[in-house]
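Asks: 3D model of this:
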Amino acid sequence: MRIAVAEISQETDSFSPMLADLSDFQSHGLYFGDELLERMQGVGPIGGFLEVVEEEDEAIDLLPIVRAWAAASGRVTDKTVEFLLNRLLAGLAKAMPLDAIFLSLHGAASSQSDDDLEGHVLQAIRQLVGTKMPIVSAVDHHANITGKMVELADALIGHETQPHDPFATGRKAARVLLQMLRGVAKPTIGWRKIPLITPQDQFLTSRGPMKEWFDRARELENRVGVIDISPYPMQPWLDVAEGGWSIIVHTDGDQDLANSLASEMAEMAWQRREQFWHSERVEPAEAVRQAIRADHGLVVLSDTGDSVYGGAPGDSTCILRELLEQNIPSLAFLPILDPAALEQAMKAGVGGQITVPLGGKIDSVFSQPVSITGRVAAVSKGVTVELEKRGTHDLSRTALLEVGNLRIVLLDHRSFAINHPVVYTHLGLDITEAKLVVLKTASNFQFFQRWCKQLIRVDSPGTTQSNLAAFEWSRLPRPIYPLDKLDDWRAM
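Replies: Residues are numbered from 1 along each chain as shown. Next comes the predicted model:
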């Protein structure tokens with residue numbers, strides 16, 4: 001069997017002022033050809049796929065094409081899409097003949113000129129390889145499933161958990177693809193769109209209505225003839241023409257069963273729509289007060305409005321301002337993206353003192369700079385880190401700024417490591433000494449789990465804020481709950 005392997009993955013925040021270009025993909029590892037196989041062992045959906053292939057007895061000839069993964073941000077530039085797509089198609093053409101294609105896509109990517117980047121990619125592939133070649137894709141479960149995606153892919157396999165386990169998703173998608181190639185299964189898709197958007201507050205699959213919904217998917221997968229059930233609670237900052245939650249059911253050639261279960265799962269989500277809007281967010285000033293009053297740390301302050309993993313810039317000063325105003329009495333860690341301030345810190349050197357307007361430069365709508373004076377405690381002229389199952393990430397230059405009990409890490413670009421302990425430890429800090437840490441994420445706290453004693457979701461403003469009514473929606477299909485009055489809806 002000859003199977004091509006490729007990944008083009010980015011998550012778009014429609015309200016982010018940043019555009020994603022080729023440098024965003026390069027900073028997270030842009031690989032072509034055999035380098036993909038060398039660098040992606042054990043990493044992400046491709047790593048999961050490779051592991052399943054290695055376990056097989058029969059010979060499988062892998063044709064690695066491209067691995068392009070970028071952190072969430074605004075829309076991808078058309079020039080970048082053209083470059084990546086040309087490399088993908090040229091690689092596929094060269095690899096022909098093929099028996100199948102394994103893809104890793106995000107599912108919530110948009111370019112400057114196309115709401116549906118994944119549909120665009122799949123359409124281009126189909127024009128090259130035809131309609132009969134099996135194409136299976138691992139997909140983030142915060143994807144926005146579109147008509148093109150369903151029509152052009154044989155199977156779309158979503159993550160089963162939040163925080164995500166992309167590696168496991170790749171393994172599952174690989175098994176589906178191999179079953180197809182061996183004639184063991186013929187995936188038939190049942191698909192329902194749900195006129196619903198919700199904030200991120202209930203996105204964790206370990207509790208609440210999201211756990212109930214995803215647990216039900218796993219239960220239904222035990223039914224005879226069911227291959228996969230993938231719920232898709234779309235990430236909530238995607239203002240696109242086909243936006244909204246989805247459910248996809250894959251059965252073995254049974255369209256009626258696929259449709260029936262898709263309707264059941266869609267209506268289950270709809271019945272819990274109010275529960276999905278339940279929030280435990282705390283306004284910023286009170287969040288800091290609660291952290292100060294906590295008997296012991298580590299207290300995690302989740303900066304929900306500036307979630308880098310959701311596409312926010314990472315330069316919000318909302319929580320920083322409160323920490324300064326309340327003169328935080330305990331050691332606190334906070335990261336912020338500010339290339340200009342970082343440059344001043346690098347010039348001052350260790351021991352130097354700088355006064356800078358910090359943050360609020362990229363997102364000037366929801367955040368403004370804060371003037372601070374601090375001592376440069378450490379600098380790093382560049383470091384690349386390997387994160388388990390997450391691959392290589394370039395932290396580039398960083399600096400540590402001491403402002404009273406605050407330890408602020410200055411970054412010059414948005415790295416996945418911004419919410420990982422390494423962003424502090426590589427500058428000499430000890431996580432166990434901190435009372436609180438600010439994470440630029442709303443749901444990926446797992447890297448600090450071993451130390452975390454309390455989690456506080458801060459109701460901070462920003463391009464990933466949970467107050468969805470604060471955004472100006474122009475493309476989202478209407479009516480949609482809860483932006484419109486929509487009491488009666490049934491999955492048909």
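
Asks: Just list the residues touching Gly225, thanks.
Replies: 251-254, 257 (C-beta atoms under 8 Å, 6 or more residues apart in numbering). Using the backbone N, CA and C atoms, a C-beta is placed for each residue, glycine as well.

Asks: I meant to write Asp115 there.
Replies: Shown in contact with Asp115 (C-beta under 8 Å, 6+ apart): 240-242, 475.

Asks: Let's see that with 7 Å instead.
Replies: Going by C-beta atoms under 7 Å, 6 or more residues apart in numbering, Asp115 touches 240-241, 475.

Asks: Turn those into a markdown table, columns for pLDDT and distance to Phe102.
Replies: Shown next, in a markdown table, are these (pLDDT from 0 to 100; distance: C-beta to C-beta, whole Å):
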| residue | pLDDT | distance to Phe102 |
| --- | --- | --- |
| Val240 | 98 | 26 |
| Ala241 | 96 | 28 |
| Arg475 | 96 | 31 |
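
Asks: neighbouring contacts of the worst-scoring helix or strand of the chain on mean pLDDT?
Replies: Ranked by mean pLDDT, DSSP states H and E, the weakest helix or strand in the chain is strand 391-403, scoring a mean of 86. With C-beta under 7 Å, 6+ apart as the test, strand 391-403 has contacts from 27-29, 39, 43-44, 342, 345-346, 372, 374-387, 407-413, 415-417, 423, 427.

Asks: mind listing which of these are in strands?
Replies: 372, 374-387, 407-411 (DSSP state E).

Asks: Now list the buried members of the residues you listed.
Replies: Using 16 or more other C-beta atoms under 10 Å as the burial test, the ones in strands among the contacts of strand 391-403 include 372, 374, 376-380, 383, 385, 407-411 as buried.

Asks: hang on, the earlier thing: which of the contacts of Gly225 are buried? Put it as a PyMOL command.
Replies: To isolate the buried ones among the contacts of Gly225 in PyMOL, judged by 16+ other C-beta under 10 Å, type:
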select buried, resi 251+252+254+257
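
Asks: And the residue nearest the centre of the chain, how close does it get to Phe447?
Replies: For the chain, Tyr309 is the residue whose C-alpha lies nearest the centre (C-alpha atoms, centre = their mean; 5.2 Å). Using C-beta to C-beta, to the nearest Å, Tyr309 is found at 11 Å from Phe447.

Asks: cool, and Ala399?
Replies: From Ala399 to Phe447 the distance is 21 Å (C-beta to C-beta).

Asks: of those two, who's got more company?
Replies: The neighbour count for Ala399 versus Phe447, taken as other C-beta atoms under 10 Å, is higher for Ala399 (28 against 20).

Asks: ok, for the more buried one, nearest residue in space, not its chain neighbours?
Replies: Ala345 (3.8 Å; C-beta to C-beta, 6 or more residues apart in numbering).

Asks: got it, and Leu429?
Replies: Arg407 (6.0 Å).

Asks: next one: Gln179
Replies: Closest residue in space to Gln179, ignoring its immediate chain neighbours: Ala185 at 4.0 Å, by C-beta to C-beta, 6+ apart.

Asks: Starting from Trp191, give me the distance back to the one you found.
Replies: Going from Ala185 to Trp191 by C-beta to C-beta gives 18 Å.

Asks: next one: Ser230
Replies: In this structure, Ser230 and Trp191 are 10 Å apart, going by C-beta to C-beta.

Asks: Common neighbours of the two, please.
Replies: Residues within reach of Ser230 and of Trp191 at once, by C-beta under 7 Å, 6+ apart, are Ile248.

Asks: Which one's more surrounded, the two?
Replies: For Ser230 versus Trp191, the count of surrounding residues by other C-beta under 10 Å is larger for Ser230: 25 against 21.

Asks: before we move on, which element is the more buried one in?
Replies: Secondary structure assigned from DSSP states H and E places Ser230 in strand 226-232.

Asks: Show me what secondary structure element comes after that strand.
Replies: Trace forward from strand 226-232 with DSSP H and E and the next one is strand 245-252.

Asks: Helices of the stretch 1-150 of the chain, start to end?
Replies: Along the stretch 1-150 of the chain, the segments classed as helices by DSSP state H, counting those that start in this stretch run 22-26, 34-39, 44-55, 78-95, 117-129, 147-152.

Asks: nearest to Ser443, of these?
Replies: Closest approach to Ser443 among these (C-beta to C-beta): helix 44-55, 17.9 Å.

Asks: Just the residues contacting that closest one, thanks.
Replies: Residues contacting helix 44-55 (C-beta under 7 Å, 6+ apart): 5, 7, 40-41, 60, 62, 67, 102, 104, 138, 166-171, 173-175, 389, 391.

Asks: Just the buried subset of those, please.
Replies: Using 16+ other C-beta under 10 Å as the burial test, the contacts of helix 44-55 include 5, 7, 40, 60, 62, 67, 102, 104, 138, 166-171, 173-175, 391 as buried.

Asks: Okay, and which of those residues map to strands?
Replies: The strands, defined by DSSP E, take in 5, 7, 62, 67, 102, 104, 138, 391 from the buried ones among the contacts of helix 44-55.

Asks: From start to finish, how long is stretch 26-43 in a straight line?
Replies: 16 Å (C-alpha to C-alpha, to the nearest Å).

Asks: Revised request: answer the last question for stretch 303-316.
Replies: End-to-end distance of stretch 303-316 (C-alpha to C-alpha): 9 Å.

Asks: which residues in the stretch 301-450 of the chain form helices?
Replies: Assigned by DSSP H, counting those that start in this stretch, the stretch 301-450 of the chain shows helices spanning 318-325, 339-348, 422-425.

Asks: Please identify which of those helices is closest to Val300.
Replies: helix 318-325 (11.5 Å).

Asks: Would you check the distance separating the closest one from the middle of the chain?
Replies: Relative to its chain's centre, helix 318-325 lies at 27 Å (C-alpha atoms, centre = their mean, to the nearest Å).

Asks: Packing partners of it?
Replies: Applying 3 or more C-beta pairs under 7 Å, 6 or more residues apart in numbering; DSSP states H and E, one finds that helix 318-325 makes contact with helix 284-293, strand 332-337, strand 370-387.

Asks: What are the buried residues along that helix?
Replies: By neighbour count on 16+ other C-beta under 10 Å, the buried set for helix 318-325 is 318-324.

Asks: And for stretch 11-27?
Replies: By neighbour count on 16+ other C-beta under 10 Å, the buried set for stretch 11-27 is 11-16, 18-20, 22, 24-25, 27.

Asks: Likewise for stretch 95-104?
Replies: 95, 98, 100-104.

Asks: okay, those residues in JSON lines with distance to Arg87 and pLDDT next?
Replies: Output for the buried residues of stretch 95-104, formatted as JSON lines (distance: C-beta to C-beta, whole Å; pLDDT from 0 to 100):
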{"residue": "Ala95", "distance to Arg87": "12", "pLDDT": "97"}
{"residue": "Leu98", "distance to Arg87": "16", "pLDDT": "97"}
{"residue": "Ala100", "distance to Arg87": "20", "pLDDT": "98"}
{"residue": "Ile101", "distance to Arg87": "15", "pLDDT": "98"}
{"residue": "Phe102", "distance to Arg87": "17", "pLDDT": "98"}
{"residue": "Leu103", "distance to Arg87": "14", "pLDDT": "98"}
{"residue": "Ser104", "distance to Arg87": "15", "pLDDT": "98"}
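
Asks: can you tell me the helix or strand for the residue nearest to Gln275 when sequence neighbours are not counted?
Replies: Spatially, and ignoring its direct neighbours in sequence, Gln275 is nearest to Pro209 (4.1 Å; C-beta to C-beta, 6+ apart). Pro209 is part of helix 208-220 when elements are defined by DSSP H and E.

Asks: quick one: that helix to strand 245-252, angle?
Replies: Taking axes from the mean of the first three to the mean of the last three C-alpha atoms, to 10 degrees, one finds helix 208-220 and strand 245-252 inclined to each other by 10 degrees.
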